[in-house]
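**Q** Below are the sequence and a predicted model for it; my questions follow.
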Amino acid sequence: MGRAFEFRKNRKMKRWSAMAKAFTRIGKDIVMAVKEGGPNPESNSRLRAVMQNAKAVNMPKDNVERAIKKATDKDTANYKEVLFEGYAPHGIAILIETATDNNNRTVANIRSYFNKCNGTMGTQGSVEFMFDHTCNFRIPAEGIDIEEMELEFIDFGAEEIFADEDGILIYAPFESFGAIQKELENRGIEILSSGFERIPQVTKKLTEDQIADVEKLLEKIEEDDDVQNVYHTMEE
């Protein structure tokens with residue numbers, strides 16, 4: 001199995017197990033999708049994907065509809081996606097994806113977490129190159145031959161396809177998202193969820209005490225409402 005499989009197995013969405021955080025994150029994704037492409041999921045593929053993700057984490061339909069309605073209001077601020085980079089203690093690279101309506105607040109907060117936990121906030125591009133930017137799709141396993149699908153979806157950018165307890169996962173480079181989404185829909189294959197991840201190219205093994213130092217910083221960052229995703233090079 002490839003790196004995407006190992007990454008997914010170790011991560012297991014553990015950092016997003018808190019439903020409240022998942023709902024907040026998806027709520028922001030809805031606002032950004034509607035502001036970008038309008039409130040109709042049939043003509044807005046980004047919104048369509050977010051609504052599938054909302055369903056996957058059992059976000060109530062009322063919450064989804066309310067978020068779409070709120071996003072169509074011109075007084076609702078849009079969120080800006082901003083990437084932060086830096087180092088935790090013991091040379092662990094950290095990449096932070098945020099969605100913010102107040103960049104000054106977010107910059108100040110993220111910088112304070114690095115400072116408090118003996119980390120260093122980096123400049124743009126300082127660690128981003130250490131991660132592969134990927135997209136992924138989860139589909140039901142029923143009636144799917146993985147080997148056949150791998151051969152067919154190579155043309156659309158798929159690099160890794162594997163099964164886990166919740167279905168089949170397709171991983172591809174970030175820029176292949178649209179082509180794979182379109183092909184799955186054309187074939188009438190249900191998309192259970194989809195998203196983007198940054199997979200570290202190399203990870204570093206730490207001692208238990210060192211892991212605790214890094215976890216302290218990760219927890220502070222992850223608790224911030226502006227933070228959507230956090231990636232790092234520490235071996236899980």
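**A** Received, thanks.
**Q** Rank the helices and strands of the chain by mean pLDDT and give me the bottom one.
**A** helix 3-11 (a mean of 75; mean pLDDT, DSSP states H and E).
**Q** What residues sit buried inside the next helix or strand after it?
**A** Using DSSP states H and E, the helix or strand that follows helix 3-11 in sequence is helix 19-37. Within helix 19-37, the residues that qualify as buried are 21-35, counting by 16 or more other Cβ atoms under 10 Å. C-beta coordinates here come from the backbone N, C-alpha and C atoms, glycine included.
**Q** Also stretch 217-229?
**A** 217-218, 220-222, 224, 226-229.
**Q** Most widely separated two among the residues you listed?
**A** With Cβ to Cβ as the measure, no two of those lie farther apart than Leu217 and Gln228, at 17.1 Å.
**Q** picking up where we left off before, tell me the one of the buried residues of helix 19-37 nearest Met130?
**A** Nearest member of the buried residues of helix 19-37 to Met130, counting by Cβ to Cβ, is Arg25, at 23.6 Å.
**Q** So the closest residue to that closest one other than its chain neighbours, which state does it fall into?
**A** Nearest residue to Arg25, sequence neighbours excluded (Cβ to Cβ, 6 or more residues apart in numbering): Gln228, at 5.5 Å. For Gln228, the assignment made with DSSP: H, G, I helix; E, B strand; the rest coil gives strand.
**Q** next one: Glu81
**A** strand.
**Q** count of neighbours near it?
**A** Residue crowding around Glu81 was assessed by other Cβ atoms under 10 Å; the count is 11.
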